[in-house]
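A.B. asks: Got a sequence here, can you build the structure:
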Amino acid sequence: MKILLLLLTLLTINPAHASGGNWVQTPYEEQKVMFEFYFDDPQKIHSALYWIRSLMNPLMDDPYNQAPEFMDIVVVIHGTEIVTVAQKNYQKYKNAVERMRYYADLGVKFKVCGLAAEDYGYSVKDFYNFIDVVPSAITELSHWQQQGYALIIPTVKDKKFTVEEIR
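C.D. replies: Numbers count the residues shown, from 1 in each chain. As a prediction, this is how the structure comes out:
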C-alpha cells in the first residue's frame, strides 16, 4: 500500500506534467485553400467567416508576415447562406456582407453556386460585385481540389454553453 501511495505521489508532482505545453512555430508557406459554405441557417455564416480570419491573421502576423495576396483563398457558397449575399438582404446581413467585402478586398474569392442561386430565384445581377456566380458548387469544389487547394468545411454548431460555463 505504501508503494502505491508513493507512486501516486510521484506521478502527481512530476515536473514534466507541471511544465505546460510547448509553443510550436510551424513553417507555413503560401496557402491555397478553399472553404465550402453549406449551412442550414444563414446566420451561421457569421461564425464561418471567423474560419477565414483564423487562416489569414496568423499568416499576416509575425513571424510569417505574409501579404494577403500570397494567400490564395476561395469560398464556395451553396447553402441557405446564399441569401446573405443577395443585395436585397443587405440590412439583415450587413455585418456579414461587410466582412466578406473586407476579405474580398484582401483577395479572397467568393463563389456562389448558380444552381442554388436559381433555386432561390436569384440571377447574377442580384449579388454584390465581389461575388462570382459559377455553374455549380460541386463542379467548382472539384475544380479547385484538382488545382491543389486544401478543402476546409467549417463546422458551425449551435452554442449550448458559454466559455465561462465550460472552462
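
A.B. asks: May I see the buried residues of stretch 155-165?
C.D. replies: For stretch 155-165, burial by neighbour count (16 or more other C-beta atoms under 10 Å) applies to residue 156. Quick note: C-beta positions are derived from backbone N, CA and C, even for glycine.

A.B. asks: meant to ask about stretch 139-152, not that
C.D. replies: Of the residues in stretch 139-152, those with enough neighbours to count as buried (16+ other C-beta under 10 Å) are 140, 141, 144, 149, 152.

A.B. asks: secondary structure class for residue 73?
C.D. replies: Classification of residue 73 by DSSP: H, G, I helix; E, B strand; the rest coil places it in strand.

A.B. asks: ok, for it, nearest residue in space, not its chain neighbours?
C.D. replies: Sequence neighbours aside, residue 108 is the residue nearest to residue 73 in space, at 4.6 Å (criterion: C-beta to C-beta, 6 or more residues apart in numbering).

A.B. asks: Need the phi and psi values for the one you found.
C.D. replies: Backbone torsions for residue 108, taken as degrees, to the nearest 10, come to phi -70, psi 130.

A.B. asks: Could you do residue 94 as well?
C.D. replies: Note on residue 94: backbone dihedrals following degrees, to the nearest 10 are phi -50, psi -50.
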